[in-house]
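K.L.:
Have a look at this prediction, sequence included:
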Amino acid sequence: MAFNRMMSELDATRAKLALFTVIILLAVDTVNPIKIVMHVFPIVQPWHIASICVVVCLYIFISEMKELLYFAVKVFFHSILSIFFREVDVIGLDNIPKYGPVIFTGNHANQFIDGVTILATCQHKISYLVADKSWKRKVVGNIAWAMGAVPVKRAQDAASKGTGMITISRAAEVGSNSIVKGEGTKFLTEVGKGDKLRLSGTAAGLKIMNILSDSEVEIETTEDVSNVSEPISFDVLKRVDLSEVYAKVLDKLASGGCIGIFPEGGSHDRTDLLPLKVGVALIAYSALEKDDLNVPIVPVGLNYFRAHRFRGRAIVEYGRPTYISPSTLDAFKKGGAERREVCNELLMRIEEAMRSVLVTTPDFESLQMIYTARRLYQRKEPTTLKKQDLNRRFAEGYKELLLRAGGNPPKEWTDIQERLIAYQKELDELGIRDRHVRRLAHETYDIEEDAGDIVLREMKVPSQLLHLIVTFLLAMVPMLTLNLPVGFIARIYAEKRRKKALEASRVKIRAHDVMLSEKVILCIVLVPTLWIIYGFVFYFCTGLDGPSIALAVISLPLFSYYGIMTAEVGMINLRDIRPYFMRLFPKNRKRLAALPEIRQKLQADLRSFVKELGPSLGEIYFKKDLNWKELQLKKRMASATQVSSADDESHEKEE
């Protein structure tokens with residue numbers, strides 16, 4: 001890691017030296033090589049040299065077009081991330097193999113932004129598997145082509161409403177076929193073998209193994225299949241032939257390329273993973289079977305904070321790679337049930353690896369509570385790596401205790417939970433952050449009904465307000481003329497797309513995952529359009545000459561970026577002085593004055609609670625450096641053992 005950083009710094013130094021050397025050569029005629037050549041050989045004209053250079057540039061561009069396009073897209077999206085995100089932290093880059101093919105598997109929590117984030121934070125050149133529906137969209141499809149993506153047709157994108165209603169009689173064992181019976185159905189004409197049925201309100205597809213009649217089919221029995229006694233409507237997902245896609249992907253891996261896959265199959269805004277699709281396991285096994293390549297499968301955790309908002313924050317965590325056990329290849333080659341078994345086993349290992357780089361909880365309220373608990377528990381501000389580790393310890397410990405309690409936690413636990421939620425709600429209502437409460441704890445003056453003037457004098461609000469006004473004045477011109485018009489339109493457009501996505505989805509909760517992507521896509525189109533419009537305004541409505549207009553138009557991106565950065569400084573200042581403004585009002589002053597004591601008491605009780613129950617969680621509490629991937633495996637093995645024991649007890653009772 002240090003060596004790579006040193007090499008990148010050395011490359012940057014070389015580039016800077018080369019740039020300034022060229023500037024010196026162009027600025028001083030006596031050392032300008034072009035001027036020297038034309039002086040020695042008078043027959044050579046400037047257009048001769050320029051024509052040769054143009055031809056050479058065209059040849060280089062055509063011969064290296066894909067590489068140059070990918071590099072240009074990567075640089076472009078680096079800029080996009082720096083504009084739309086306040087901070088993007090990267091963890092675990094040393095877990096990525098330096099050479100050879102790699103399969104990257106990421107959670108899909110922010111639609112197109114997910115691929116962009118991995119692209120911009122990883123040194124490898126990645127080709128993504130992109131839904132055919134997205135491939136055909138303007139802008140998105142063009143960018144995907146430039147990145148060397150592979151389009152994939154998805155059954156859910158062409159789902160059709162099935163005729164009639166169905167019920168399901170689940171088979172006793174996984175691997176045997178369950179029976180689907182229909183009322184008013186037309187199975188013989190509407191479905192075929194290999195198609196899938198998707199029950200209304202669910203995302204999982206149930207694979208059809210045999211068609212017995214217009215009103216009866218057999219489906220493969222998996223964990224997603226359960227008894228359905230009440231008739232329910234359904235969709236038909238037609239079987240999609242992916243052999244061509246697999247061939248392209250395997251060729252890329254065989255040539256040393258890297259593939260990016262989002263195994264959940266679609267973007268969503270849930271706080272946990274959706275069931276993974278088997279495609280990534282089939283690709284990995286096929287590469288081993290066909291080309292003898294045991295491709296490392298690297299999990300990527302995309303953890304977003306205020307993901308749908310402008311200037312949010314992201315943590316990208318690369319985990320330890322997963323490899324196929326070569327001894328299972330024979331079972332894969334045999335096909336049938338044995339192939340399904342080894343693919344499902346690999347899929348579970350991939351899921352465990354993905355969970356090792358994420359903070360997953362049952363719902364959004366639980367996730368917010370985890371973050372609040374972590375902020376209160378920590379004794380000093382940790383690094384991003386330590387912060388993620390502590391978040392994950394709280395989340396996994398919370399889920400473990402919830403499982404042990406059987407959905408009925410003890411009173412002391414619910415009390416702590418309610419107090420954490422109430423504390424965070426109080427902060428939200430007052431519009432302040434936890435760090436502001438820590439500052440309030442160090443302020444000493446008498447809180448009285450008429451103490452507004454004391455607050456102003458002690459807190460020095462006028463000087464801070466002056467700084468805020470100056471900051472906003474500096475940002476006003478570029479924000480009003482360049483950023484706000486586009487931002488306003490993008491916000492309306494993103495909300496419209498969010499509602500449309502929510503109506504069409506069966507897994508999204510609020511469809512916030514599509515909003516930032518839609519904003520970025522629209523801005524990619526509108527922002528350059530606005531610059532061009534200003535160029536025409538300068539040309540037709542001012543007396544500026546050509547070079548001045550060109551300089552003004554070229555400067556617009558810099559002014560726009562300057563406006564964003566300055567406005568953000570102003571917003572940070574506004575949030576920091578908000579507690580002081582709130583203290584000008586007696587009612588809020590009392591609420592704010594009470595917060596430090598509430599926080600201190602809650603923090604002490606939380607630490608005491610963790611100290612009491614923590615030892616029962618084992619290595620989550622005691623172990624300093626946790627291998628989260630191994631921990632997820634242990635949890636699965638323990639869960640399987642419990643299920644097996646429960647089944648044995650059930651059989652004994654029946655006997």
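P.N.:
Ah, there it is. Numbers count the residues shown, from 1 in each chain.
K.L.:
From now on I want contacts and neighbour counts done on CA atoms only, so please keep to that.
P.N.:
Noted.
K.L.:
Distance check, residue 166 against residue 115.
P.N.:
38 Å (Cα to Cα, to the nearest Å).
K.L.:
What is the burial count for residue 138?
P.N.:
Applying other Cα atoms under 10 Å, we find 10 residues neighbouring residue 138.
K.L.:
Look at it and tell me its secondary structure.
P.N.:
What DSSP: H, G, I helix; E, B strand; the rest coil gives for residue 138 is coil.
K.L.:
ditto for residue 229
P.N.:
Using three-state DSSP, the structure places residue 229 in strand.
K.L.:
got a list of what it touches?
P.N.:
Residue 229 sits next to 167, 168, 169 when contact means Cα atoms under 8 Å, 6 or more residues apart in numbering.
K.L.:
Looking at those, spot the one nearest residue 149.
P.N.:
Of all the contacts of residue 229, residue 149 sits closest to residue 168, with 39.1 Å by Cα to Cα.
K.L.:
Identify the bridge partners of the closest one.
P.N.:
Per DSSP bridges, the residues bridged to residue 168 are residue 180, residue 228.
K.L.:
Please verify my assumption that it contacts residue 178.
P.N.:
Yes - using Cα atoms under 8 Å, residue 168 makes contact with residue 178 at a distance of 7.2 Å.
K.L.:
who has more neighbours, these two?
P.N.:
Taking other Cα under 10 Å, residue 168 and residue 178 do not tie; residue 178 has more neighbours (25 against 22).
K.L.:
Can you name the next helix or strand after the helix or strand where that one lies?
P.N.:
Assigned by DSSP states H and E, residue 178 belongs to strand 177-183. With elements assigned by DSSP H and E, the helix or strand that comes after strand 177-183 is helix 187-190.
K.L.:
Show me which positions of that following helix end up buried.
P.N.:
residue 187 (16 or more other Cα atoms under 10 Å).
K.L.:
any idea of the mean pLDDT for that helix?
P.N.:
Mean pLDDT, computed over helix 187-190, is 91.
K.L.:
strands paired with the very next helix or strand once past it, and their directions?
P.N.:
On the C-terminal side of helix 187-190, the closest following helix or strand by DSSP H and E is strand 196-199. Sheet pairing of strand 196-199 (DSSP bridges) gives strand 206-213 (antiparallel), strand 234-237 (antiparallel).
K.L.:
Using CSV, write out the CA atom coordinates for the shortest one.
P.N.:
What follows is strand 234-237 as a C-alpha-only set of coordinates in CSV (Å, rounded to 0.1, in the frame of the first residue of the first chain):
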residue,chain,number,x,y,z
PHE,A,234,-48.5,-13.5,-10.0
ASP,A,235,-46.2,-12.3,-12.8
VAL,A,236,-44.5,-14.4,-15.4
LEU,A,237,-40.7,-14.0,-15.8
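K.L.:
Going by neighbour count, which residues in that strand are buried?
P.N.:
Buried residues in strand 234-237 (16+ other Cα under 10 Å): 234, 235, 236, 237.
K.L.:
I'd like the residues you listed as CSV, with pLDDT and distance to residue 569 appended.
P.N.:
Supplementary listing: the buried residues of strand 234-237 in CSV, determined by pLDDT from 0 to 100; distance: Cα to Cα, whole Å:
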residue, pLDDT, distance to residue 569
234, 90, 52
235, 90, 50
236, 91, 52
237, 90, 50
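K.L.:
As JSON lines, these with distance to residue 59 would be great.
P.N.:
Formatted as JSON lines, these follow (distance: Cα to Cα, whole Å):
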{"residue": "234", "distance to residue 59": "55"}
{"residue": "235", "distance to residue 59": "52"}
{"residue": "236", "distance to residue 59": "50"}
{"residue": "237", "distance to residue 59": "47"}
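K.L.:
between those, which is nearest residue 495?
P.N.:
Within these, proximity to residue 495 (Cα to Cα) peaks at residue 235, which comes in at 27.3 Å.
K.L.:
what's the nearest residue to that closest one if we skip its chain neighbours?
P.N.:
Counting by Cα to Cα, 6 or more residues apart in numbering, residue 235 lies nearest to residue 161, which is 4.5 Å off, once chain neighbours are set aside.
K.L.:
What pLDDT is listed against that neighbour?
P.N.:
89.
K.L.:
With the one 10 residues further on instead?
P.N.:
pLDDT recorded at residue 171 is 74.
K.L.:
ok, now how distant is the spatially closest residue to it that is not a sequence neighbour from residue 17?
P.N.:
Among residues not flanking residue 171 along the chain, residue 178 sits closest, at 4.7 Å (Cα to Cα, 6+ apart). Residue 178 sits at a distance of 70 Å from residue 17 (criterion: Cα to Cα).
K.L.:
try residue 75
P.N.:
Residue 75 is 20 Å from residue 17, by Cα to Cα.
K.L.:
Quick check, residue 344 in contact with residue 278.
P.N.:
Yes - Residue 344 lies in contact with residue 278 (Cα under 8 Å); the separation is 7.3 Å.
K.L.:
so which of the strands paired with strand 196-199 gets nearest residue 514?
P.N.:
For the strands paired with strand 196-199, the distance to residue 514 is smallest for strand 234-237, at 23.4 Å, taking Cα to Cα.
K.L.:
Following the chain onward from the closest one, which element is next?
P.N.:
Where DSSP H and E defines the elements, the next helix or strand beyond strand 234-237 is helix 243-254.
K.L.:
which outside residues touch that following helix?
P.N.:
By Cα under 8 Å, 6+ apart, helix 243-254 touches 101, 102, 150, 151, 152, 258, 259, 283, 286, 287, 291, 293.
K.L.:
Please name the strands paired to the helix or strand following that helix in the sheet, noting orientation.
P.N.:
Remark: after helix 243-254, the chain's next helix or strand is strand 258-261, criterion DSSP H and E. Strand 258-261 pairs in its sheet with strand 102-106 (parallel), strand 126-131 (parallel), by DSSP bridges.
K.L.:
Show me what whatever helix or strand comes next after strand 258-261 is packed against.
P.N.:
Per DSSP H and E, the first helix or strand lying C-terminal to strand 258-261 is helix 279-291. Contacts defined by 3 or more Cα pairs under 8 Å, 6 or more residues apart in numbering; DSSP states H and E place helix 279-291 against helix 243-254, helix 329-334, helix 336-355.
K.L.:
Need the winner for burial among the ones you listed.
P.N.:
Greatest average neighbour count among the helices and strands packed on helix 279-291 goes to helix 336-355 (a mean of 20), per mean count of other Cα atoms under 10 Å.
K.L.:
Can you flag the buried ones in the contacts of helix 243-254?
P.N.:
For these, a neighbour count by 16+ other Cα under 10 Å gives the buried set as 101, 102, 150, 151, 152, 258, 259, 283, 286, 287, 293.
K.L.:
Dump those to CSV, plus pLDDT.
P.N.:
CSV is the format used below for these (pLDDT from 0 to 100):
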residue, pLDDT
101, 95
102, 96
150, 91
151, 91
152, 90
258, 94
259, 95
283, 95
286, 94
287, 95
293, 93
